[in-house]
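1. Next come a sequence and a model predicted from it.
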Amino acid sequence: MRRNLAARIGVWSAHHRKTAILGWLLFVVLAAGIGGASGMVEMTDTENGAGDSARAEQILSDAGLSHRAGELVMVSAAEPDGWRTAARELTAAIDKTGEVTGLADPVPSEDRKDALITFEMKGDPDTAADRVQPVLDAVAGVEEKRPDVTVHQFGDASAGKWLGDLLSDDFKKAEFTAIPLALGILVVAFGAVVAALLPVGLALTACLAAFGLLSLASHQLHLSQTTYSVMFLMGFAVGVDYCLFYLRRERDERAAGRDAETALRIAAATSGRAVLVSGLTVMVAMAGMFLSGLMLFKGFALATIIVVLIAMLGSVTVLPALLSWLGDRIEAGKVPLLNRRGKRGSKQSGRIAGRLLRPVLRSPKFFAAASVAVLLALAVPAIGMKTESLGLEKQFGSDSALSVAYRHISETFPGGSAPAQVVVEADDITAPGVRKALAGFDHVTVHRAQNVAEIEVPLPGGKDGLAELRDERLPAAFDSTGARAYVTGEVAGSVDFNDQLRRGIAPVFLFITAVTFLLMLFCFRSYVIAVTSILLNLLSVAAAYGVMTAVFQHGWGAGLIGSEGVGAVESWMPLFVLVVLFGLSMDYHVFVVSRIREAHGRGLSTRAAIDEGIRRTAGAVTGAAVIMVAVFSVFATLSMQDMQQMGVGLAVAVLLDATIVRMVLLPSVMALLGERNWRTPRGLGRLPSLDHSEPEPEPAGVAAPVGPGVRG
């Protein structure tokens with residue numbers, strides 16, 4: 001019998017297990033070592049932006065006029081002018097650090113109970129967070145000696161310092177929580193410690209190698225700080241799942257009485273092929289993010305493609321070698337009660353799935369309508385979804401010191417904490433018309449040598465104030481001068497980023513739906529399955545959007561995960577969840593529908609094939625889904641709002657996809673369609689069907705060698 005690619009790789013790996021294992025370890029060490037030595041290059045504000053705000057940043061960058069990191073310190077007293085002594089001490093202490101420039105005199109509030117001190121950090125703004133600690137200490141020292149006043153600090157450097165520390169702590173928390181959690185789930189699934197350690201070890205080494213390669217790649221495509229968290233989230237979940245599919249099939253074949261050689265070959269030919277198809281599908285779907293027009297998503301795409309590729313290759317190359325070497329020692333470290341469950345796990349899961357399927361297949365119309373109704377009900381809040389680039393003050397929670405400082409400064413000095421920065425470019429910045437226009441603004445800095453001017457404009461009206469500035473005030477001032485004015489800043493950057501996302505989501509959506517359709521058409525030679533696959537995915541995505549909107553925009557149940565409603569969903573989250581779910585859902589979909597197709601090809605009716613296919617895949621799909629939901633849920637407990645939203649969105653999407661969609665909606669819809677499921681478009685009848693049929697046993701002479709302790 002002719003072996004497929006996955007089977008050939010698996011047999012080669014088992015025959016050359018020392019080469020496969022040592023080669024994998026050498027690759028991981030080299031990738032991690034070289035990548036770690038090279039360091040990661042982070043994207044700049046210019047690279048992360050879009051529209052007019054990115055253009056403004058680019059003009060400043062080209063002119064060598066990059067922004068300094070600005071800082072605000074507000075000192076408040078109970079009585080008018082009661083802050084003056086403390087303000088003098090603050091100014092002196094801040095200046096004494098030698099790290100600041102442009103230290104301005106305190107500006108009093110309208111009621112004179114508060115004063116705002118502004119300054120900038122010296123040097124490169126990208127490294128200001130690394131140098132701001134002496135300033136933070138100076139401010140804290142004065143505040144400690146002056147209990148009669150309240151001091152709040154907010155700025156680029158202080159927020160960056162807070163963010164860097166928080167990301168580091170959160171990433172450690174994710175690692176130290178997700179790994180033991182996944183290990184515990186696998187111990188329950190297999191009933192043996194070694195069998196549980198194997199997927200976790202391979203997933204971690206895949207992530208380690210991917211970290212190194214991504215660091216190298218960041219020298220060409222600059223990345224955001226969150227990219228590594230996204231990589232670990234995806235890589236660990238996918239890496240464990242791919243190994244789980246493979247290992248579970250090999251264990252099931254051994255439990256069914258197959259000898260070790262045949263069990264390993266069947267696992268390679270079936271689950272190994274499913275891993276290849278699923279991995280390639282995820283990578284192609286992730287490539288859709290390159291069409292977003294935003295560097296943030298290009299980084300996400302690159303990170304997920306790298307880590308999924310490495311996890312996929314590790315699962316089909318080094319895993320067969322390890323299984324061949326370990327043999328039945330894979331059962332070492334048995335947990336008495338759990339081990340019995342592990343051996344019966346697949347059959348038990350199949351029986352449970354069979355009981356759940358009986359009413360679904362008896363009344364497919366009712367269950368199809370009910371499951372669609374549940375998903376649509378969950379999706380309803382998404383109708384009012386609002387998106388924005390959440391500022392640092394919203395990322396950390398309303399009770400954090402940074403958020404409190406931002407809120408108090410914004411309320412006391414409207415627009416002061418997030419002013420607009422207008423960048424004016426002209427052929428001659430000193431021309432009379434341009435000078436007259438600039439004279440109509442306060443806080444103007446003219447750079448004559450570069451023919452560029454900077455104007456700081458408070459935005460007390462937020463987005464409304466930005467629209468008025470862009471649409472009315474700037475055109476009235478500069479349209480007749482020949483100068484070009486662009487607005488940047490926190491509010492402008494958020495608006496422009498959202499606008500680019502809205503423009504970019506259409507090509508990304510069209511790309512991933514086309515890829516899903518073509519993949520399903522190629523795999524199953526059925527346009528009906530291809531169309532239903534897309535519709536089922538869209539229902540899962542819509543339901544996940546609805547839950548995210550309800551929890552994080554409206555705050556419904558947010559306290560249960562230690563979060564809160566912030567009035568909006570992070571702007572990049574909907575597109576990210578859409579792409580990731582379309583990719584990951586293929587893990588289950590190809591695996592399940594292939595088994596159904598295989599059973600139908602043996603002559604079973606469609607309903608009987610649905611029953612057998614879902615029962616036979618229930619254990620693997622359930623285990624994979626539990627792992628993914630558990631890992632994603634860990635991110636829902638982290639400190640930053642966007643990590644929480646990502647964790648909840650993906651956990652909910654996978655949970656719904658693996659339960660309501662795969663166990664209820666998919667079988668009921670396929671039962672209603674009957675033989676129409678298998679309609680092949682004219683001209684595509686010769687396409688191969690990538691099912692998961694079991695290969696016939698081969699003579700023992702060509703079987704793979706196995707390790708010690710093998711039965712039979």
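-> Received the coordinates, thanks.
2. mind checking how far stretch 52-71 is from the chain centre?
-> Stretch 52-71 sits 28 Å away from the centroid of its parent chain (CA atoms, centre = their mean, to the nearest Å).
3. Same question for stretch 396-403.
-> Chain-centre distance of stretch 396-403: 23 Å, with CA atoms, centre = their mean.
4. same deal with stretch 378-396?
-> 16 Å.
5. buried set for it?
-> Buried residues in stretch 378-396, counted by 16 or more other CB atoms under 10 Å: 378-379, 381-382, 385, 387-396. Yep, even glycine has a C-beta here, placed from its N, CA and C like the rest.
6. Which secondary structure elements does the helix or strand Leu25 falls within sit against?
-> Secondary structure from DSSP states H and E places Leu25 in helix 17-38. Contact partners of helix 17-38 among helices and strands, from 3 or more CB pairs under 8 Å, 6 or more residues apart in numbering; DSSP states H and E: helix 193-217, helix 295-326.
7. following it, which helix or strand shows up next?
-> Defined by DSSP H and E, the subsequent element after helix 17-38 is helix 45-48.
8. quick one: that following helix to chain centroid distance?
-> 19 Å.
9. So what touches that helix?
-> 54, 57-58, 61, 67, 222, 224, 294-296, 493 (CB atoms under 8 Å, 6 or more residues apart in numbering).
10. show me what contacts Phe300?
-> 227, 230, 286, 289, 576.
11. rerun that using 10 Å as the cut-off
-> 223-224, 226-227, 230-231, 234, 286, 289-290, 292, 294, 572, 575-576, 579-580 (CB atoms under 10 Å, 6 or more residues apart in numbering).
12. Keeping just the C-alphas, turn stretch 589-598 into PDB.
-> What follows is stretch 589-598 as a C-alpha-only set of coordinates in PDB (Å, rounded to 0.1, in the frame of the first residue of the first chain):
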ATOM      1  CA  HIS A 589     -13.600  20.100  11.400                       C
ATOM      2  CA  VAL A 590     -11.300  18.300   9.100                       C
ATOM      3  CA  PHE A 591     -10.700  15.600  11.800                       C
ATOM      4  CA  VAL A 592     -14.500  15.000  12.400                       C
ATOM      5  CA  VAL A 593     -15.800  15.300   8.800                       C
ATOM      6  CA  SER A 594     -13.000  13.100   7.500                       C
ATOM      7  CA  ARG A 595     -14.200  10.300   9.800                       C
ATOM      8  CA  ILE A 596     -17.800  10.800   8.700                       C
ATOM      9  CA  ARG A 597     -16.700  10.700   5.000                       C
ATOM     10  CA  GLU A 598     -14.700   7.600   5.700                       C
END
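13. Next, the buried residues of that stretch.
-> By neighbour count on 16+ other CB under 10 Å, the buried set for stretch 589-598 is 589-598.
14. Let me see the contact set for the residue minimising distance to the centre of the chain.
-> Most central in the chain under CA atoms, centre = their mean is Val230, positioned 4.2 Å from the mean C-alpha point. Residues near Val230 by CB under 10 Å, 6+ apart: 223-224, 299-300, 303-304, 307, 576, 580, 635, 643, 646.
15. do that again at 6 Å, thanks
-> Remark: with contacts taken as CB atoms under 6 Å, 6 or more residues apart in numbering, Val230 is in contact with 300, 303.
16. Check the offset of the helix or strand encompassing it from the chain's centre.
-> Val230 is located in helix 227-255, with elements delineated by DSSP H and E. Its chain's C-alpha centre and that of helix 227-255 lie 18 Å apart, by CA atoms, centre = their mean.
17. do stretch 391-406 as well
-> 22 Å.
18. start to end distance for that stretch?
-> 10 Å (CA to CA, to the nearest Å).
19. Looking at that stretch now, give me its mean pLDDT.
-> Averaging pLDDT along stretch 391-406 gives 78.
20. since we're on the nearest residue to Ser158 once chain neighbours are set aside, how many residues are nearby?
-> Leaving out its chain neighbours, the residue that sits closest to Ser158 by CB to CB, 6 or more residues apart in numbering is Val132, at 5.7 Å. Neighbours of Val132 under the rule other CB atoms under 10 Å: 25.
21. now the closest residue to Ala217 other than its chain neighbours: how far from Leu223?
-> In space, and not counting its chain neighbours, Ala217 is closest to Leu302: 5.9 Å by CB to CB, 6+ apart. The gap separating Leu302 from Leu223 is 8 Å, by CB to CB, to the nearest Å.
22. repeat for Gly123
-> The value you get for Gly123 to Leu223, if CB to CB is used, is 22 Å.
23. So between these two, which is more surrounded?
-> Comparing Gly123 with Leu223 by neighbour count (other CB under 10 Å), the higher total belongs to Leu223, at 26 against 14.
24. on that earlier part again, how about the residue nearest to Ser158, what does it touch?
-> Per CB under 6 Å, 6+ apart, neighbours of Val132: 157-158, 161.
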